[in-house]
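S.K.: I'll drop the sequence and a predicted model, then ask my questions.
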Amino acid sequence: TDVHHEPDSTLCRCGCQMKRIGEDVCEKLDYQPGVFTVERHVRGKWVCHQCETLIQAPVPAQIIDKGIPTSGLLAQVLVTKYADHLPLYRQSGIFERAGFTIPDSTLSEWVGRCGVALQPLVDALKRELLNQPVLHADETPLPMLKPGSGKTQRAYLWSYCSTPLSSMKAVVFDFAESRGGKHAEQFLDRWRGTLVCDDFPGYKALFKSGITEAGCMAHARRKFHELWANHSSQIAGEALD
């Protein structure tokens, strides 16, 4: 975008008309957040006056049937919520400042609809992941709103990923309301490879069913490092080496 700045008058004090001999240019970086636009999808109707046959282009496929959001707006809401960790009520406030109020309940419904639409991709990624001979697993606590109580309770996001040595770089997140080992059993199902994890007891039942345990080197190293760093333990130093 060019912004031109010229003198109010190019008439010299001596009375002569000045000539433009060049220009100075400096560039500034600008950002325009929250700009809403409306797509008008116009489907023309065509009719044959002889036989009265009418044709019209089909309605383009939509993520939310008869919904107003484009795929770009839905992607913005999802990425902002899950990648940027911005709750929906804050997004609603941002949209309101841009001049278009979208209620939290509407945004929440959009997220749910997108989850359903994306589920086939998640299922396909999970199938590919479970073809890997070695997987990493871990579980991370996160607060979950408990409807009716106005409070949060602890839930867990179980993550399963391929190793850095695998040609397929993939991770699948599995939400669960508890840290019970049954969730890992249900996700891995009949998979019988090598699982890299910490010493959390929830994984122990998996190893009795035929999955090979590979202890996490970082967890095994941690206590030796504490002894070496805090107490200058020579034996811990040898273990680290």
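M.R.: Everything's here; your move. Numbers count the residues shown, from 1 in each chain.
S.K.: Start from the N-terminal end of the protein and give the helices.
M.R.: Using DSSP state H, the helices of the chain run over 71-78, 88-97, 104-129, 182-188, 204-208, 217-231, 234-240.
S.K.: between these, which gets nearest to Q32?
M.R.: helix 88-97 (12.7 Å; Cβ to Cβ). Where you see a C-beta, it was placed from the backbone N, CA and C, and this is true even at glycine.
S.K.: follow-up on the earlier one: I'd like to know which of the helices of the chain is closest to Q153.
M.R.: Here helix 182-188 is closest among the helices of the chain (Cβ to Cβ), at 15.7 Å.
S.K.: what helices or strands is the closest one leaning on?
M.R.: On a contact count with 3 or more Cβ pairs under 8 Å, 6 or more residues apart in numbering; DSSP states H and E, helix 182-188 meets strand 151-162, strand 171-176, helix 204-208.
S.K.: Mean neighbour count added to those, as CSV?
M.R.: Listed next are these as CSV, based on neighbours: other Cβ atoms under 10 Å:
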stretch, mean neighbour count
strand 151-162, 16
strand 171-176, 15
helix 204-208, 13
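S.K.: Could you check the ones you listed and tell me which one is nearest A57?
M.R.: strand 171-176 (38.1 Å).
S.K.: and the closest one, which strands flank it?
M.R.: Paired with strand 171-176 in the same sheet, following DSSP bridges, are strand 151-162 (antiparallel).
S.K.: What average pLDDT does the strand it pairs with get?
M.R.: Strand 151-162 comes out with an average pLDDT of 94.
S.K.: hmm, who's touching it?
M.R.: Strand 151-162 has contacts (Cβ atoms under 8 Å, 6 or more residues apart in numbering) with 129, 132, 134-146, 168-179, 183-184, 187-188.
S.K.: Throw the helices of the chain into CSV and include mean pLDDT, thanks.
M.R.: Below are these laid out as CSV (pLDDT from 0 to 100):
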stretch, mean pLDDT
helix 71-78, 95
helix 88-97, 94
helix 104-129, 96
helix 182-188, 95
helix 204-208, 91
helix 217-231, 92
helix 234-240, 94
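S.K.: And these: which comes nearest Q50?
M.R.: helix 71-78 (40.1 Å).
S.K.: Please export the C-alpha coordinates of stretch 193-208 as CSV.
M.R.: In CSV, the C-alpha atoms belonging to stretch 193-208 read as follows (Å, rounded to 0.1, in the frame of the first residue of the first chain):
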residue,chain,number,x,y,z
GLY,A,193,4.9,-52.7,19.9
THR,A,194,7.4,-51.0,22.1
LEU,A,195,6.1,-48.1,24.3
VAL,A,196,8.4,-45.4,25.6
CYS,A,197,6.9,-43.9,28.7
ASP,A,198,7.6,-42.9,32.3
ASP,A,199,7.0,-45.1,35.3
PHE,A,200,3.4,-44.1,35.8
PRO,A,201,1.5,-47.2,37.1
GLY,A,202,-1.3,-46.7,34.7
TYR,A,203,0.8,-48.2,31.9
LYS,A,204,1.7,-51.4,33.8
ALA,A,205,-1.3,-53.4,32.7
LEU,A,206,-0.2,-52.8,29.1
PHE,A,207,3.1,-54.5,29.6
LYS,A,208,1.4,-57.6,31.0
